[in-house]
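**Q** turn this into a model:
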Amino acid sequence: MARMHWLFLALLLALPSPARAIALNWASAGSNLDFAHTTQCTLLVTADVDESGLAKEWRLLWVARGCPELNTVVDSLTNDPDVGEPAVADQPSLSEQDGHIRTVHFSSPNGTATRRARIHLTLPAGSSGNFQVVELNSSSGLDSPGRLKRSAVVTFNGGVSRPMPPAILEATSVHATSQLSVTLRGAGLGTTTAVSLGGPDRSWQQELEVVVADDSTLTATADVPVALPNAFVNLSLADSTTTSAALAGDVLVNPPIIKGNSWLVVPEDPNYVIPKDFAFVYNTVPTGVQNLWKNLFHIIYIRQFVHPVPGLYDENSFGHIWSDGQNDLSTWHVDTLCFKSGAVGFDKLHVWAPSIVQNGNQYHMFYTGVDSANDQRLMRVSSFRLDAGTRDTAWTNRGRTVVHTALNKSWGLKAPTAPPQVGREIRDPYVFPDPDSAGRILMLYTSRDSFPDGARPLAVGLARNQSGTMSVWTDIGRYLATTRPAANIGQLESPHVFPDSTSGNSGWRLMFTEASGNKARRTNSLQFISAGALTHVSDLSASAWSVPDSLAGYLAPDTTVRGWVASEQLRAGKIDFLAAQNAYNFDGIHISRMYWTGSNFQLRVPSIVSVDHVGSRVSTLQLALRNYSPERRLVEFAIRAPSRLKVRLDLYDVMGRRIATLIDRPIAAGETTVRWDGASSSGISAQSGMYFANLSFAGGTRSASFSVIR
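**A** Numbering: from 1, shown residues only. Down below sits the predicted model:
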């Protein structure tokens, strides 16, 4: 073994490498450090005399035996002005931990070049290993020779006969079509045997095919027809160890441009099929044309067949409709063969309440499966595409997986109690990324609670996927604010949650439907509870959330949500939508834009208000928004006057402060167009939010409100 060890070191010295501009030595000035007991030691990194200094970023690579962790201590006691104080910039990835490999980032102090850096280490007794420093000369071009600089290898206790881990100094990607190309630059990349992408919790993985690999460059490709989030690129080596580096996700370059404020979507003839609980999804898919991806909106809905016998219904399939994301959401295409209940198994009788989340390179659809015994389970299928129709979106039939049951939850009733025997109840999953844990997914659901008086109201539960899988979930508990003592709602269904528009991770609202057999009560079915700005969405305590509030009351006097049930909220780019089924008229799926002012919102553009003096001769005067869209930099107002008169048009913010006067003069009969460029009277650009236009004239006023999104 000793002979093999020295042969390995000889090979290291014989391997060709770029001209070294960095020296790495122990403080004792040797290249090997021997010790028998746990010791504190120091490594010195020094720039060559002909160099201006060390690069602003460099890495210390190591591989060892008997040393599972590398403890570094900043040298803050030195009086040497040339010695920098290294600071660890990022944590090791899971794959680096498993392989006992770590790539550590250091930066020169204050961003200035330094000639030397000193690293204190604590190394355990009986350990041995190798160190090497690699730096990237960022002043050189991307493909400039000599850009990569490496020190010699130093050892402790004779070193180990294992290759040094690859140093990934850059990871970039090109994803102009469905073909994804990942390029890595660094050192030792030629020893790679496999490349993959994955999430931080390993719950998804995408294998890549290596196209080019040498010591300093590696390129790998794969067909990936989804826009990727932030990920890790993972390298597998010949000795079964791995290393990884962060890879930035795809950037949306063509956000949706939606004209209009509200839509009624009728997927199928309502005399035969009523659309019920649905998933509302926005995504970006490749077109096959270089650098051209299209935006799509999707609605996956329960198809309830109208049964000739009252009281009977069939809910054994989902429909899928989609619309172009550059459209006004008025044109939809339909696929009635999206998904069907199983011929046998846990979802043989019904499929309910789909909810879709993207995790890495896949879409996962969660839904409620009901078997022949009326037992309910939360289930999952997946697809590598969510595109247009059956041909391009195929949910895995063989992969139908039960992810959560009433028996597995940590609260309430786990089995039915007599009377009646209606089966185990757990339904209405709603899945969304955990904002407090990267790569993890949270799932709301409803299930029966229990009380000493025998009541069995539904409450909202919460589960989280176990790290590394989308099939195994851990139940966290129930939101106490949705239980009977707090909410006093017996039939609580279809929960979903969303933050306010400004924060993205606070001001949460948990919205649900108060279901009732009384049709008159359906006019006010949507309820919500609100969380404070500092409350995490996974905080289940009663004190963290408000008492239920009626959405109709919150929006009053706007009557948009009259009859709405089973709502869904969606953010697409910078635009928010609220959609729901209308259970009062059963006329289809309603969609309205949400307009935010801080943490509050309203739907649509409110109606123009007319206030005239009695007997006014200008009662037909009108104020209207022309070609209105919140994203436009220019807001146009059309004033239609029956005769010549003097008018004044002022703009106000939500605090009632006048920010601009657009017109204050006589106008002629007919139509006058007034434009606002988004600036106040003092020339300051208006921020995103809600604004009010007030047109005053002899005899009355006209007003309108509108949103601005910057």
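**Q** how long is stretch 524-532 end to end?
**A** Length of stretch 524-532, first residue to last, C-alpha to C-alpha, to the nearest Å: 24 Å.
**Q** buried residues in that stretch?
**A** By neighbour count on 16 or more other C-beta atoms under 10 Å, the buried set for stretch 524-532 is N524, S525, L526, Q527, F528, I529, S530, A531. Glycine gets a C-beta too; all of them are placed from N, C-alpha and C.
**Q** next step: those restricted to helices.
**A** If you go by DSSP state H, the buried residues of stretch 524-532 have nothing in helices.
**Q** minimum pLDDT in those, which residue is that?
**A** Least confident by pLDDT among the buried residues of stretch 524-532: that is N524, with 75.
**Q** between the two ends of stretch 434-443, how far is it?
**A** End-to-end distance of stretch 434-443 (C-alpha to C-alpha): 9 Å.
**Q** any residues touching that stretch, and which ones?
**A** For stretch 434-443, contacts defined as C-beta atoms under 8 Å, 6 or more residues apart in numbering pick out 199-201, 203, 230, 357, 359, 366, 378, 403-404, 429-433, 462-465, 467, 470, 473, 499, 504-505, 536-538.
**Q** please redo it, this time with the cut-off set to 7 Å
**A** For stretch 434-443, contacts defined as C-beta atoms under 7 Å, 6 or more residues apart in numbering pick out 199-201, 203, 357, 359, 366, 429-433, 462-465, 470, 473, 505, 536-538.
**Q** and that stretch, how far out from the chain middle?
**A** Its chain's C-alpha centre and that of stretch 434-443 lie 9 Å apart, by C-alpha atoms, centre = their mean, to the nearest Å.
**Q** go on, stretch 587-606?
**A** 21 Å.
**Q** flag every buried residue along that stretch.
**A** Within stretch 587-606, the residues scored as buried using 16+ other C-beta under 10 Å are 588-597, 601-603, 605-606.
**Q** one more: stretch 649-661?
**A** For stretch 649-661, burial by neighbour count (16+ other C-beta under 10 Å) applies to L649, D650, L651, Y652, D653, I659, A660.
**Q** and stretch 503-515, by the same measure?
**A** Buried residues in stretch 503-515, defined by neighbour count with 16+ other C-beta under 10 Å: S506, G507, W508, R509, L510, M511, F512, T513, E514, A515.
**Q** quick one: end-to-end length of it, please.
**A** 31 Å.
**Q** can you list the residues that contact it?
**A** In this structure, residues lying in contact with stretch 503-515 by C-beta under 7 Å, 6+ apart are 435, 460, 479, 489, 491-500, 525-531, 533-535, 537, 545, 565-567, 599.
**Q** equivalent analysis for stretch 542-550, please.
**A** Contacts for stretch 542-550 (C-beta under 7 Å, 6+ apart): 479-481, 486-487, 489, 510, 524, 527-531, 535.
**Q** stretch 402-419 now?
**A** 346, 366, 377-380, 422-426, 445, 447-450, 456, 459, 461, 463, 471, 473, 475, 477-478.
**Q** now it, how far from the centre of its chain.
**A** 30 Å.
**Q** heads up, I number from 429, so please use that
**A** Yes, from this point I'll number from 429; that puts the last item at stretch 830-847.
**Q** got the CA positions of that stretch in PDB?
**A** Presented in PDB, the C-alpha positions along stretch 830-847 are these (Å, rounded to 0.1, in the frame of the first residue of the first chain):
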ATOM      1  CA  VAL A 830     -51.500   7.800  -2.300                       C
ATOM      2  CA  VAL A 831     -49.700  10.500  -0.400                       C
ATOM      3  CA  HIS A 832     -51.900  11.200   2.600                       C
ATOM      4  CA  THR A 833     -54.900   9.600   4.300                       C
ATOM      5  CA  ALA A 834     -57.200  10.300   7.200                       C
ATOM      6  CA  LEU A 835     -55.500   7.500   9.200                       C
ATOM      7  CA  ASN A 836     -52.200   9.200   8.800                       C
ATOM      8  CA  LYS A 837     -53.200  12.700  10.000                       C
ATOM      9  CA  SER A 838     -52.200  13.900  13.500                       C
ATOM     10  CA  TRP A 839     -55.600  15.400  14.500                       C
ATOM     11  CA  GLY A 840     -59.400  14.900  14.500                       C
ATOM     12  CA  LEU A 841     -61.400  11.900  13.300                       C
ATOM     13  CA  LYS A 842     -59.400   9.300  11.500                       C
ATOM     14  CA  ALA A 843     -62.400   7.000  10.700                       C
ATOM     15  CA  PRO A 844     -66.100   7.500  10.300                       C
ATOM     16  CA  THR A 845     -68.500   7.300  13.300                       C
ATOM     17  CA  ALA A 846     -72.100   6.200  13.200                       C
ATOM     18  CA  PRO A 847     -74.400   7.500  12.000                       C
END
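**Q** just the buried residues out of the contacts of stretch 862-871, in ChimeraX syntax.
**A** The ChimeraX selection below is limited to those of those classed as buried (16+ other C-beta under 10 Å):
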select :627,628,629,631,785,787,794,857,858,859,890,891,892,893,898,901,965,966
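**Q** keep only those of the contacts of stretch 862-871 that are in strands.
**A** Counting by DSSP state E, the part of those found in strands is 785, 787, 794, 857-861, 890-893, 901.
**Q** tell me which two of those residues sit farthest apart.
**A** Largest separation among these by C-beta to C-beta: N787 and L890, giving 17.7 Å.
**Q** between the two ends of stretch 855-867, how far is it?
**A** Using C-alpha to C-alpha, one end of stretch 855-867 lies 24 Å from the other.
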